[in-house]
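Colleague: I would like the atomic coordinates for the input below:
(one chain, ligands or ions: 1)
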Amino acid sequence: MKALSGKKILLGVTGGIAAYKAVEIASRLRKAGAEVHVIMTKAATSFVTELTFREITGQPVNTSMWDKVTNYNVEHIALANLADLVLIAPATANLLAKAAAGMADDMLTTTLLATKAPVIMAPAMNTNMYENPVTQDNIATLKRRGVMIIEPAAGHLACGAEGRGRLPEPADIVDYVCAYMGRTQNLAGRKIIVTAGGTIEPLDPVRYLGNHSTGKMGFAVAEALASRGAQVTLVAGPTFLKDPDAANIHTVRVESARQMREAVLSEYDSADGVIMSAAVADYRPQTVAPEKIKKSDDELVLHLVRNPDILWELGQKKQQQILVGFAAETCNVAEYACRKLAKKNLDFIVANDVSAKDAGFAVDNNRVQLYFRDGRSENYPLMSKRQLADIIVDKLETLLK
Ligand code: CTP
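Modeller: Numbers count the residues shown, from 1 in each chain. Model prediction:
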C-alpha cells in the first residue's frame, strides 16, 4: 500500500515564484496514492496555469468563489469537509497574514477557515519578508493554533538575495506529509482511557462543589489518540464540549469523582494506558441534603470527606498500563509534580502552573513541563492544547513500544 492511499489532500497554492514547485508537489502526492484537490489563489494563476494542476491531479481546480457551479454543494465547505489534510505550499507572507487574522476573502482562505482537518503550511518568500517581525508573529500565531509549519530553506532566492525563505524541495515536503499521515495508524489496536474536565460533588439538589476545568485538554488528547488509530474511552466530567465525532472515541459522561473512578476501573484491566487529565475533586460533602438547603442567620459549615484518589489506585493495580498524570500547581511546580509522579507510580506527569493567565484552565493554550520516571524532564513553550496533545501522545507511543 502506498503511503497516502485513500487520503484526500487539499493543496493550496499561493502566488509566489515557488508556485511552480507546487506542480511537482501535486505530482508526488498523487504518486504516493493521495487524491489531490488544488485551490489556487488568483495570484498563483499568474505563475502557473490551472490546466497544469488539472492534468496532474485529474481533478477540477478551484480558483474562485464565483466559478460556474459544477455541483450543488457549497464548494468551499465541501472541500473543507472532504480533506484529510490541508497543505499550503508555497504559503506567501500575504496568505500567512490572512490566515493568522482569520480572513476569508477568497476560495483558499475561506476553505481554510471552514476546515477541521490538520493544516501544514510551507512558507516561501524573500528573506526580509520572512524575517520581518510581523511575518514571524503571524507564523507564531498559526503554530499556536496548531498549524504545522515547514520551515523554509536557506539559499539563493529568485529575487537575487541569499538567505532563508526558499521553499524546501518538493520531495522533502511530501516526505513531511507522509510522515505526518503515517502516524495515523501507529496506535491501532491500542486501548487508551482518557479522563477530562472536572468532577462535581453535589451538596443538595441544586448546588455542587466544582472547579474551573473545561475538559479542553483531555478532549484534545482523546482526538490526538484517535487520529492515530487508538480505541479511546473518554471519561468526561460535566463540560460544554460535545462528544468528539471520531468513531473510535467512546465518550462516557460522569459527574462525581466516584462515578469517574467506576468508569475508569471498569475499563482498566484491558487498557494499554490511562491519561488522567481530569481535575478530580479531592473532597465531597459528607452528606447530600435531600432538599435544597435553606439559608439561616447562622454560618453554614460543610463537612467534607476524602474522595478516592483514582490515579493512585491505578498506580497500585498497574500491570501493562502506561500511566500519565497531570499536575496543576500554583507554586513549586517541579517539586510537587515529581512527588505525585513517584507517589502515584506514573510513567510521566504533565505539570503546569495554573496561576499563569495565558495558559491552563479554560483557555486554548498550555505551557508545560514533562517529568519522567527515569528522572528526565522536558520544558515546552506556550502552545495550543491540540499541539500539546500530540506531544503527550508521542511520549505515550514511545513508552508503549
Ligand atoms: N487525581 C485522581 N484522583 C483524585 C485527585 C487527582 O486521579 N482524587 C489525578 C488527577 O487526574 C491528576 C493527578 O491525580 O492526573 C494529580 O492531580 P492533582 O489534583 O494535581 O493532585 P492531587 O493528588 O489531588 O494533590 P493536591 O490536590 O494536593 O495537589
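Colleague: sec struct for D172, please.
Modeller: Assigned with DSSP: H, G, I helix; E, B strand; the rest coil, D172 falls in the helix class.
Colleague: What of I9?
Modeller: strand.
Colleague: Can you spell out which residues form a bridge with it?
Modeller: Per DSSP bridges, the residues bridged to I9 are V36, L85.
Colleague: Show me what from the protein comes close to the ligand.
Modeller: Proximity of the chain to the ligand (CB under 6 Å from any ligand atom) is limited to residues 257, 276, 278, 280, 282, 307, 309-311, 325-328, 340. (Each C-beta comes from the backbone N, C-alpha and C, glycine too.)
Colleague: Just put those residues in TSV and tack on secondary structure.
Modeller: As requested, these are arranged in TSV below (three-state DSSP):
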residue	secondary structure
A257	helix
M276	strand
A278	coil
V280	coil
D282	coil
N307	coil
D309	coil
I310	helix
L311	helix
G325	strand
F326	strand
A327	strand
A328	strand
K340	helix
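Colleague: Mind giving me the packing neighbours of the one helix or strand A263 maps to?
Modeller: Taking DSSP states H and E as the definition, A263 sits inside helix 257-268. Contacts defined by 3 or more CB pairs under 8 Å, 6 or more residues apart in numbering; DSSP states H and E place helix 257-268 against strand 191-196, strand 231-236, helix 310-317.
Colleague: Same list, these, but as a markdown table with mean pLDDT and mean neighbour count please.
Modeller: A markdown table is the format used below for the helices and strands packed on helix 257-268 (pLDDT from 0 to 100; neighbours: other CB atoms under 10 Å):
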| stretch | mean pLDDT | mean neighbour count |
| --- | --- | --- |
| strand 191-196 | 98 | 27 |
| strand 231-236 | 98 | 24 |
| helix 310-317 | 98 | 18 |
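Colleague: Spell out the secondary structure type for the nearest residue to A97 once chain neighbours are set aside.
Modeller: Distance criterion CB to CB, 6 or more residues apart in numbering; nearest residue to A97, sequence neighbours excluded, is N138 at 5.3 Å. Taken by three-state DSSP, the conformation at N138 corresponds to helix.
Colleague: how many neighbours does N138 have?
Modeller: 20 (other CB atoms under 10 Å).
Colleague: Ok, the one 5 residues further on next?
Modeller: Around K143 sit 17 other residues, with neighbours defined as other CB under 10 Å.
Colleague: how close does it get to A271?
Modeller: 32 Å (CB to CB, to the nearest Å).
Colleague: Equivalent analysis for E50, please.
Modeller: 51 Å.
Colleague: Between the two, tell me which one has more neighbours.
Modeller: A271 (20 against 16).
Colleague: For that one, give me the pLDDT.
Modeller: As predicted, A271 sits at a pLDDT of 98.
Colleague: do T184 as well
Modeller: At T184, pLDDT is 69.
Colleague: repeat for the one 4 residues further on
Modeller: What the model reports for A188 is a pLDDT of 91.
Colleague: ok, now T70?
Modeller: 53.
Colleague: Over to the one 5 residues further on?
Modeller: E75 carries a pLDDT score of 65 in this model.
Colleague: Report the angle between the longest helix seen in the chain and strand 191-196.
Modeller: Counting by DSSP state H, the longest helix found in the chain is helix 385-400. In terms of direction (axes from the mean of the first three to the mean of the last three CA atoms, to 10 degrees), helix 385-400 departs from strand 191-196 by 140 degrees.
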